[in-house]
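Novice: sequence and predicted structure are below.
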There are 2 protein chains.
Amino acid sequence: MNEGAATGAMPRFLRACQRLPVDRTPVWFMRQAGRYMAVYRTMREKHSLLEICRQPELAAEVTLQPVKALGVDAAILFADILLPLIPMGAELEFAPGHGPVIHNPVRSHKDVSRIPPVDVEGDLGYVLKAIRILRTELPPEVPLIGFAGGPFTVASYLIEGRATRTFERTKGMMYSAPNAWHALLGRLAHTLADYLVAQIEAGAQAVQLFDSWVGALSPADYRAYVLPHSATVLRRVQALGVPTIHFATNTAALLSSMREAGGTVMGVDWRIPLDVAWKEIGEGLAIQGNLDPLALFSPREVLEAQVRRVLREAGDRPGHIFNLGHGILPATPVENVQAVVEMVHAFSLKEPGKVVL
Amino acid sequence: MNEGAATGAMPRFLRACQRLPVDRTPVWFMRQAGRYMAVYRTMREKHSLLEICRQPELAAEVTLQPVKALGVDAAILFADILLPLIPMGAELEFAPGHGPVIHNPVRSHKDVSRIPPVDVEGDLGYVLKAIRILRTELPPEVPLIGFAGGPFTVASYLIEGRATRTFERTKGMMYSAPNAWHALLGRLAHTLADYLVAQIEAGAQAVQLFDSWVGALSPADYRAYVLPHSATVLRRVQALGVPTIHFATNTAALLSSMREAGGTVMGVDWRIPLDVAWKEIGEGLAIQGNLDPLALFSPREVLEAQVRRVLREAGDRPGHIFNLGHGILPATPVENVQAVVEMVHAFSLKEPGKVVL
């Protein structure tokens, strides 16, 4: 799959992040290690999600599964965006069928002030150990992506105590207790920045900030309540010089503000065509996306047309990383995920003198 | 509240729909009759949602509640977007705490072909009767808005059988069984158009098409799978000459396609500033929106700043109808809803020779 990069050249994923020309468009998938793979489901029969995250050998093994099975151009560390909340005092549980639950949600300024500081090496060392294992096990042409949740998204779980459609308590704190809100986001930003910096120092070759739910905000509220905190995280990380992917969903009208917050690659969902999005974020950044995860449930010819459309909308200039617009869903047929990797590599092949697509 | 219109002039809501100058910006709220009002909760102790919808006197009474309590500039018929599915054979239930459930969802082309035709006057006459009652009871300065769900949104409930975050089965049919999909959307479009036309003939002075969930689609998929069917509905309705509000959420990158589908007023959510949205849809249309419903949970000064921002982004040209970006939530403090009506009317007052805001 990655024959071109096996010679010691810079891997195509990292080249694309830097907007350098590539032989083929690199591709990876958010949540590429997960329930849609039989080998993962088998492991989950023996271990809980948190057990896998906390045992570096298991986390590394799960991270490697899609690299072997799919031939993707990047590996993303197997972990959960809520892990940093555990040393911050959250009683986190992944209840089967209900997603994450936090039994002691943060609701007041007093709750915020009780959050203990996090020592990443001591409290989240298992994540760093998984990264160190992976850097010895991954082939050189497959870079490792570390990640963290964005301050807004992590705060929303911490405040609501569970997934939410309306963000009632989150926006409630934002509007009604702005001091508590900014104190919380400030603490989260500090911890998440420390966490990402430690991941990079442990060997992550790129990082993604998943601010998945920030598209629930108006642009004005994003700028007032979130941008400064996301910028704190992204500035710290960008100073280390590795590519930084800034991702969220429902952001068609937020992209210029997210660009202002930071990141060297913008991750966008399928709700905005890549050409429109790229125009919005500007030529100076790379772009990642944006197939609808539900397209992976389609017959092959429909899937192919969708993949071709995404590549066409990305256009010919360097700096496109193919991905979904959000994570792979558990019921996704694995053969369709494999097919997308093959399609992206085949359709984007740059043969000298021949225009493909 | 509506003293200016009581003289027999065209009500300010209808003037704004036609982009005519108004004395004050008109305001109404999606789901303005509902659980956030004590009088509604009391009625719900005695009657189910479907009972209220099916008893025209009760539906009319509920419709009038916010007109009396809030001083809004328009009434919206109390009904549910899924009512037309009942004569189409859906076993619809509103399960407490779970939202709508359809016990016999449509999953195949065969299921679609079994859907019986709907005789609106016979099958949904109770809705029309409520409209006729309301037109005798509403003050002349408060126009009555009829409504229907958009073909995509109604189809999603019919296919999924319940609310969904991922639209897995909906998009599944769209991508994997396009003939079944287009047959279903065609039938829905026909029925929804008949239904809206009958509402207008019964006395509705404007109609809104709620395609609330269509923002789950990429613009390319919207154009291929939905636009033609929404256009069928909107063309039939617009031919009657009453204002037609085309509303959905998460549509920042869909607005130009939605405009192509039709409508004389575009309803947008809070995720896009009104000035940006209006530029996108073009000067020829009016615009409705777009306060975040969660802003109604804020302290007065925060709420006031948000209302002022929406009015500022709407600007000075005629054609803005103030509303939320989605429906009022059940826990909303009623006094804040009242306050927004007062603020909108006060802040937008056009005094000759004086610039307000």
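Specialist: Perfect, I can see it now.
Novice: what average pLDDT does stretch A:132-149 get?
Specialist: The pLDDT scores in stretch A:132-149 average 98.
Novice: and for stretch A:48-65?
Specialist: The pLDDT scores in stretch A:48-65 average 97.
Novice: and for stretch A:227-238?
Specialist: The average of the pLDDT scores along stretch A:227-238 is 98.
Novice: that stretch near chain B at all?
Specialist: No. If you take Cβ under 8 Å from any Cβ of the partner chain as the test, stretch A:227-238 misses chain B, and the best it gets is 15.0 Å. Placement of C-beta: from N, CA and C, glycine included.
Novice: any residues touching that stretch, and which ones?
Specialist: Outside stretch A:227-238, the residues within contact range by Cβ atoms under 8 Å, 6 or more residues apart in numbering or on different chains are A:148, A:150-152, A:182, A:185-186, A:188-190, A:192-193, A:196-197, A:200, A:207, A:209, A:211, A:214, A:244, A:246, A:257-258, A:260-264.
Novice: got the residues of chain A near chain B?
Specialist: So chain A meets chain B at A:165-168, A:171-172, A:175-176, A:215-221, A:250, A:252-254, A:270-273, A:276, A:292-295, A:297-299, A:302, A:309, A:329, A:331 (Cβ under 8 Å from any Cβ).
Novice: sort out for me which of the contacts of stretch A:227-238 are in strands.
Specialist: Among the contacts of stretch A:227-238, DSSP state E puts A:148, A:207, A:209, A:244, A:246 in strands.
Novice: enumerate every residue touching residue A:165.
Specialist: Applying Cβ under 8 Å, 6+ apart to residue A:165 gives the contacts residue B:165.
Novice: quick one on the thing from earlier: can I get the buried part of the residues of chain A next to chain B as one PyMOL selection?
Specialist: Buried residues within these, by 16 or more other Cβ atoms under 10 Å in any protein chain shown, are selected in PyMOL with:
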select buried, chain A and resi 167+168+171+172+175+215+216+217+218+219+220+221+250+252+253+254+270+271+272+273+292+293+294+295+297+298+309+329
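Novice: mind listing what's buried in stretch A:63-83?
Specialist: Under the neighbour-count criterion of 16+ other Cβ under 10 Å, stretch A:63-83 has A:63-67, A:69-70, A:72-83 buried.
Novice: what about it, distance to the chain center?
Specialist: Centroid separation for stretch A:63-83 versus its chain: 11 Å, with Cα atoms, centre = their mean, to the nearest Å.
Novice: now do the end-to-end distance for it.
Specialist: One end of stretch A:63-83 to the other measures 16 Å (Cα to Cα, to the nearest Å).
Novice: equivalent analysis for stretch A:244-263, please.
Specialist: Taking Cα to Cα, the first and last residues of stretch A:244-263 lie 5 Å apart.
Novice: and that stretch, what's buried?
Specialist: Buried residues in stretch A:244-263, counted by 16+ other Cβ under 10 Å: A:244-255, A:257-259, A:261-263.
Novice: just to revisit the earlier point, which ones among the contacts of stretch A:227-238 map onto helices?
Specialist: Among those, the ones falling in helices (DSSP state H) are A:151-152, A:182, A:185-186, A:188-190, A:192-193, A:196-197, A:200, A:257-258, A:260-261.
Novice: of those residues, buried ones?
Specialist: A:151-152, A:182, A:185, A:188-190, A:192-193, A:196-197, A:200, A:257-258, A:261.
Novice: in these, find the pair that's most separated.
Specialist: Farthest-apart pair in those is A:182 and A:200; separation 26.4 Å (Cβ to Cβ).
Novice: off-centre distance for the helix or strand containing residue A:43?
Specialist: Taking DSSP states H and E as the definition, residue A:43 sits inside helix A:38-46. Distance of helix A:38-46 from the chain centroid (Cα atoms, centre = their mean) equals 22 Å.
Novice: quick one: residues contacting residue A:197.
Specialist: For residue A:197, the contact set (Cβ under 8 Å, 6+ apart) comprises A:236-237, A:240.
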